[in-house]
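Enquirer: Got a sequence here, can you model it:
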Amino acid sequence: MADLLRRPLILGSRGQLGTELMRVFADCDVVGLDHSQLEIQDAASVDAALEEIRPSVIINTAAFHNVDACEADPERAYSVNTLAVDHLAAASKRRGIAFATVSTDYVFDGESRRPYTESDTPNPINTYGISKYAGELCVERHDGPHFIFRSSGLYGLQALLQKEKFLERILRQANAGEEIRVVEDVMFAPSYAPDLAAAMRGVLEGEHYGLFHVTNTGHCSWFEFASEALRLSGSQAEITAIAYRDVGTKTRRPLYSVLATSRLNDIGIAVPDWRDALARYLDAYAPVVARARK
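Expert: Alright, predicted model coming up:
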């Protein structure tokens, strides 16, 4: 096993992605910290944790990612998504530790009509995207050994134990016979957390430093994503397509943020199609819900 994976430290270890990374690195001497154990904005606490744990690589999944909330509280967005990442990158370099952080498709403005590659120039249009892109630039400016993983439309089973996310809402509304309305003019590439974690492990294991787009292959609108979830679950619920302008939010979002996984392809890491991932998620969905309700 590469020395890089000797002792990974996962920040945000109880989130959707962090939980899967803890599983993926279970054969390593992995250490996980969630926000109740470490607030990444607290520089002194971060430094103390690094001195105690002495990780071989830090993988940061912690973020302030509620897009509308970022618009309402930009100070917190920049504190978590930019300044904390800047300190983590600097602290990692001082200690000779590799640093990985997770970014977003929202660094792009959505004006493209072809999948964005790693070489495309970001142009974020909301506070969340700006704060995440600024975090990327902070990592790059310290010029230590680093990985930046941009993802899109993250979903996973851990969400069932936390706040209701998109798919859970769609399935709940279908079961309750409620009206389901989903935007059809926002295109993205979904990311199933177990697949994202596995691909990240492959990149780290091969020590392929730099920027990577990591999503499931293919792309869809949120309406197509929800429709496929209902079809695969056997639901006959009706679903209505709406335009993003009718959602009722003032927050600007990119209407096309599909990420091309060009660098993953170059190093021979394949990620399953989004429909395959969605089917696996739904196969695991019912047992997890049943356990959560006990």
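Enquirer: Need the three-state assignment for the spatially closest residue to residue 66 that is not a sequence neighbour.
Expert: Nearest residue to residue 66, sequence neighbours excluded (C-beta to C-beta, 6 or more residues apart in numbering): residue 128, at 7.9 Å. Using the backbone N, CA and C atoms, a C-beta is placed for each residue, glycine as well. The assignment at residue 128 comes out as helix when based on DSSP: H, G, I helix; E, B strand; the rest coil.
Enquirer: The residue nearest to residue 255 when sequence neighbours are not counted and residue 71, how far apart?
Expert: Closest residue to residue 255 apart from its sequence neighbours, by C-beta to C-beta, 6+ apart: residue 110 at 4.5 Å. According to C-beta to C-beta, to the nearest Å, residue 110 and residue 71 sit 16 Å apart.
Enquirer: next one: residue 182
Expert: Computed as C-beta to C-beta, the residue 182 to residue 71 distance reads 22 Å.
Enquirer: Pull the number of nearby residues for the residue nearest to residue 255.
Expert: Applying other C-beta atoms under 10 Å, we find 22 residues neighbouring residue 110.
Enquirer: With residue 268 instead?
Expert: Close neighbours of residue 268, defined as other C-beta under 10 Å, add up to 8.
Enquirer: and what of residue 6?
Expert: Using other C-beta under 10 Å, residue 6 has 14 neighbouring residues.
Enquirer: And the pLDDT for it?
Expert: The score at residue 6 is 95. That number is its pLDDT.
Enquirer: Could you tell me which residues make contact with residue 273?
Expert: 216-218 (C-beta atoms under 8 Å, 6 or more residues apart in numbering).
Enquirer: So which of these wins on neighbours?
Expert: residue 216 (25 neighbours).
Enquirer: And stretch 46-61, end to end?
Expert: 14 Å (C-alpha to C-alpha, to the nearest Å).
Enquirer: With stretch 8-20 instead?
Expert: Using C-alpha to C-alpha, the end-to-end distance of stretch 8-20 comes to 13 Å.
Enquirer: what kind of secondary structure is residue 59 in?
Expert: Look at residue 59: counting by three-state DSSP, its state is strand.
Enquirer: got the contact list for it?
Expert: By C-beta under 8 Å, 6+ apart, the contact set of residue 59 is 8-11, 21, 100-101, 200, 204.
Enquirer: Could you pick out which of those residues are located in helices?
Expert: 21, 200, 204 (DSSP state H).
Enquirer: Pick the one among those closest to residue 172.
Expert: residue 21 (27.2 Å; C-beta to C-beta).
Enquirer: wait, the closest one sits on residue 61?
Expert: Yes. The pair residue 21 / residue 61 is scored as a contact, 6.8 Å apart, by C-beta atoms under 8 Å.
Enquirer: Now distance to residue 85, pLDDT and neighbour count too, for the ones in helices among the contacts of residue 59, in CSV please.
Expert: Formatted as CSV, the ones in helices among the contacts of residue 59 follow (distance: C-beta to C-beta, whole Å; pLDDT from 0 to 100; neighbours: other C-beta atoms under 10 Å):
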residue, distance to residue 85, pLDDT, neighbour count
21, 17, 97, 28
200, 16, 98, 25
204, 18, 97, 23
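Enquirer: circling back: which one of residue 182 and residue 71 has more residues nearby?
Expert: Neighbours around residue 182 and residue 71, counted as other C-beta under 10 Å, are more numerous at residue 182. The numbers are 21 against 16.
Enquirer: Which neighbouring elements make contact with whichever helix or strand that one is part of?
Expert: Using DSSP states H and E, residue 182 maps to strand 181-183. Strand 181-183 sits against helix 222-232, strand 240-242, with contacts defined as 3 or more C-beta pairs under 8 Å, 6 or more residues apart in numbering; DSSP states H and E.
Enquirer: deepest of these, which one?
Expert: The highest average neighbour count among the helices and strands packed on strand 181-183, using mean count of other C-beta atoms under 10 Å, belongs to helix 222-232 at a mean of 19.
Enquirer: Restricting to C-alpha, output it in CSV.
Expert: Provided in CSV are the C-alpha atoms of helix 222-232 (Å, rounded to 0.1, in the frame of the first residue of the first chain):
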residue,chain,number,x,y,z
TRP,A,222,-33.3,17.0,-12.5
PHE,A,223,-36.6,16.1,-14.0
GLU,A,224,-35.1,13.1,-15.8
PHE,A,225,-33.3,12.1,-12.6
ALA,A,226,-36.5,12.1,-10.6
SER,A,227,-38.5,10.4,-13.4
GLU,A,228,-35.9,7.6,-13.6
ALA,A,229,-36.0,7.1,-9.8
LEU,A,230,-39.7,6.8,-9.9
ARG,A,231,-39.6,4.3,-12.8
LEU,A,232,-37.0,2.2,-11.1
